[in-house]
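no sequence on this one, just coordinates:
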């Protein structure tokens, strides 16, 4: 396990997302906002088992208001079950963040992270490593008054396959999305290496950008398969990060909410869970 310490630390850094505060000037107004970022991923039908597994979850929420109501929620779950029959081994996880607010002055933020890791799948020369997967990334934002509020939602879902000995990246798959309402910073992107094949009949993409309600959704089903020419230990890392923010500031800036904590209604919480086991 010692040789994996660098990779583990890198992943744990991903599980500590930081939301940068934006500065926005707006007119006083009643406002209603909503943001949601959700992702799920399932991996099954492995053709060989890992020697070790790990799951990681992390959530953070913050709700701050001076004149209004706001709440934020975040949840994350991760599971990796190893069966003596590799075809019955499976990994799954989910991550969701939501925030909503109403009033004149508030900020609500939610962040969630979930990940699964399978260590040291051993592949002999000429053998193939393969598994099936399906995943969903679903982003939504909604506002009432573009001059007095905004909502953002973003998500990143990915898996990477590493050479366990060198920690070098061999293959990767990524779905990334972002919504900013109002604004033009909206995107939904998918990237994959050549060892990954998606099923077009069971994969779909849906976007609606612009206006006061926006969505970005990707639902995919596919297969990973790669043949190796030498004996190789492989590490599979699948992670997802989901973040949302809703806010309706007064004519000063968002930072005034933070520096005025003495008169704010403010709540915040964080929880992290990690588990490691051998198989």
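Yep, it's here. Quick caveat, the model's predicted, so the values are computed rather than measured. Residues are numbered from 1 along each chain as shown.

mind listing the strands for the stretch 101-250 of the chain?
128-143, 150-163, 169-181, 187-192, 196-198, 204-208, 213-227, 232-248 (DSSP state E, counting those that start in this stretch).

residue 55 is nearest to which of those?
With C-beta to C-beta, the closest approach to residue 55 among those belongs to strand 232-248: 10.2 Å. In this view, the C-beta of every residue, glycine as well, is placed from N, C-alpha and C.

ramachandran angles for residue 203?
phi -120, psi 140 (degrees, to the nearest 10).

quick one: contacts for the closest residue to it other than its chain neighbours?
Of all residues not flanking residue 203 in the chain, residue 220 sits nearest, at 4.4 Å (C-beta to C-beta, 6 or more residues apart in numbering). Residue 220 makes contact with 134, 135, 136, 175, 190, 198, 202, 203, according to C-beta atoms under 8 Å, 6 or more residues apart in numbering.

the third one reaches residue 42, doesn't it?
No - between residue 136 and residue 42 there is no contact, the gap being 9.4 Å when judged by C-beta atoms under 8 Å.

the two - which one has more neighbours?
The residue with more neighbours, out of residue 136 and residue 42 and counting by other C-beta atoms under 10 Å, is residue 136; that gives 20 against 17.

so what pairs up with that one in the strands?
Beta bridges link residue 136 to residue 40, residue 219, judged by DSSP bridges.

again with residue 206
With DSSP bridges as the criterion, residue 206 is bridged to residue 217.

what does residue 97 give?
Beta-bridge partners recorded for residue 97 (DSSP bridges): residue 37, residue 74.

what number of residues lie near it?
Residue 97, neighbours per other C-beta under 10 Å, totals 31.

residues contacting it?
Going by C-beta under 8 Å, 6+ apart, residue 97 touches 35-38, 59, 61, 72-74, 110-112, 153, 242-244.

apart from its chain neighbours, what residue comes closest to residue 182?
residue 146 (4.3 Å).

now swap in residue 174 and tell me
residue 158 (4.2 Å).

doesn't residue 171 make contact with that neighbour?
No - contact criterion C-beta under 8 Å: residue 158 and residue 171 do not qualify, at 11.1 Å.

ok, the residue nearest to residue 174 - contacts?
Neighbouring residues of residue 158 by C-beta under 8 Å, 6+ apart: 172, 173, 174, 175, 176, 238, 239, 240.

now, which of those residues sits nearest residue 50?
Nearest member of the contacts of residue 158 to residue 50, counting by C-beta to C-beta, is residue 238, at 12.2 Å.

point out where the stretch 101-250 of the chain drops to low pLDDT.
Residues of the stretch 101-250 of the chain meeting the criterion pLDDT under 70: 250.

count of neighbours near residue 148?
22.

for the closest residue in space to residue 117 that isn't next to it in sequence, list each beta-bridge partner.
Ranked by C-beta to C-beta, 6+ apart and with sequence neighbours excluded, the top spatial neighbour of residue 117 is residue 54, at 4.3 Å. Beta-bridge partners of residue 54, counted by DSSP bridges, are residue 117, residue 276.

same deal with residue 111?
residue 60, residue 243.

what's the local residue count around it?
Close neighbours of residue 111, defined as other C-beta under 10 Å, add up to 26.

how much space between it and residue 222?
Distance of residue 111 to residue 222, computed by C-beta to C-beta, to the nearest Å: 27 Å.

separation between the residue nearest to residue 117 and residue 240?
Counting by C-beta to C-beta, the gap from residue 54 to residue 240 is 15 Å.

over to residue 70?
25 Å.

more neighbours: which of these two?
Each of residue 70 and residue 240 has its neighbours counted (other C-beta under 10 Å); residue 240 has more, 30 against 25.

so the more buried one sits against residue 154, correct?
No - proximity of residue 240 to residue 154 does not meet the contact threshold set by C-beta under 8 Å, at 11.5 Å.

what's around the residue nearest to residue 117, how many residues?
Residue 54 has 21 nearby residues by other C-beta under 10 Å.

in this structure it contacts residue 80, no?
Yes - the criterion here is C-beta under 8 Å, and residue 54 meets it with residue 80 at 7.5 Å.

mutual contacts of these two, please.
Here residue 54 and residue 80 share the contacting residues 116, 117, scored by C-beta under 8 Å, 6+ apart.

so what pairs up with residue 247 in the strands?
residue 107, residue 150.
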